[in-house]
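Q: how would this look folded up:
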Amino acid sequence: MEPLFPQFGFLYCLNDGHEIFVVQDVLNTILVMKGIRRAYLPSKAIIAHAIVHYFSPHVKTLDYNGRPDLKFVVRADSTATPPTTHEEVGKLLGYMCADEWEHTLRMPQKVFFEFIAKLKNGSEFQLFSFVCLSDAKLAEARLLNTHVAIALLSDPLANKIVKSVVLRKGVTHVSEGAMTKVTNVINYGENKRFANAR
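A: Just a heads-up that it's a prediction; the model follows:
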């Protein structure tokens, strides 16, 4: 089925008219295929299967141990094994601070890094994000943002809708009442200069 971008929302529809995967799924799959991300975790196993069907033979699914309702999307040549811990899941997904995950969860203040796709229709959404104890990984995150932008803006399918990719960094503060406050949000780079890269 030829991909469609009605209003840059849903990409692929089954014959019964139900949307199976959306632009976020497609762009993350492209990042997996180009080796920018080792894996992507869609919200449901059925979405992972639809992605694999559409992008075959470039990707395959990988089990999420103990979660039959979830499957990772990985490159077809991946030798990754199903993760069994939160740290292994984070490493598989390419989260830079996966090794400090358990400690990060207990801390009331965390630094988050969000990778935002800005679309040509003016909308934007989060491709993926991760949290760290500090902004020590900022330089690496900025470099990753550049790689994400190059990968998407040089891809013929993604380039139809992606205008730029932005790294957003901020700090979350969790109070005793479990209220989360976000402060110090900074956007890094529009990265649209790669739009004509091929």
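Q: helices of this structure, start to end?
A: Using DSSP state H, the helices of the chain run over 23-33, 45-55, 86-92, 101-106, 138-153.
Q: most tightly packed of these?
A: Mean neighbour count (mean count of other CB atoms under 10 Å) peaks for helix 23-33 among those, with a mean of 22. (C-beta placed from N, C-alpha, C; glycine too.)
Q: starting at the chain centroid, how far to that helix?
A: Centre-to-centre, helix 23-33 and its host chain are 7 Å apart (CA atoms, centre = their mean, to the nearest Å).
Q: same thing with stretch 65-75?
A: Taking CA atoms, centre = their mean, the mean C-alpha location of stretch 65-75 is offset from the chain mean by 15 Å.
Q: and if you look at stretch 103-112?
A: With CA atoms, centre = their mean, you get 20 Å for stretch 103-112.
Q: one more: stretch 74-89?
A: With CA atoms, centre = their mean, you get 15 Å for stretch 74-89.
Q: now stretch 120-138
A: Here stretch 120-138 shows a centroid-to-chain-centroid distance of 9 Å under the convention CA atoms, centre = their mean.
Q: give the buried residues for that stretch.
A: Under the neighbour-count criterion of 16 or more other CB atoms under 10 Å, stretch 120-138 has 127-128, 130-132, 135, 137-138 buried.
Q: quick one: the residue nearest to the spatial centre of the chain from Asn145, how far?
A: When CA atoms, centre = their mean is applied to the chain, the residue found nearest the centroid is Phe128 (3.3 Å). Plainly put, Phe128 is 11 Å away from Asn145 if you go by CB to CB, to the nearest Å.
Q: and for these two, which residues touch both?
A: Common neighbours of Phe128 and Asn145 (criterion: CB atoms under 8 Å, 6 or more residues apart in numbering): Phe115.
Q: one step back: pLDDT and distance to Thr81 for the buried residues of stretch 120-138 - can I get that in a markdown table?
A: Converted to a markdown table, the buried residues of stretch 120-138 look like this (pLDDT from 0 to 100; distance: CB to CB, whole Å):
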| residue | pLDDT | distance to Thr81 |
| --- | --- | --- |
| Leu127 | 95 | 25 |
| Phe128 | 95 | 21 |
| Phe130 | 90 | 21 |
| Val131 | 89 | 25 |
| Cys132 | 91 | 25 |
| Asp135 | 89 | 32 |
| Lys137 | 92 | 25 |
| Leu138 | 93 | 31 |
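Q: what residues are up against Arg168?
A: Counting by CB under 8 Å, 6+ apart, Arg168 makes contact with 113-116, 185-188.
Q: buried set for stretch 73-90?
A: Under the neighbour-count criterion of 16+ other CB under 10 Å, stretch 73-90 has 73-75, 78, 83, 88-90 buried.
Q: fine, thanks again, bye for now.
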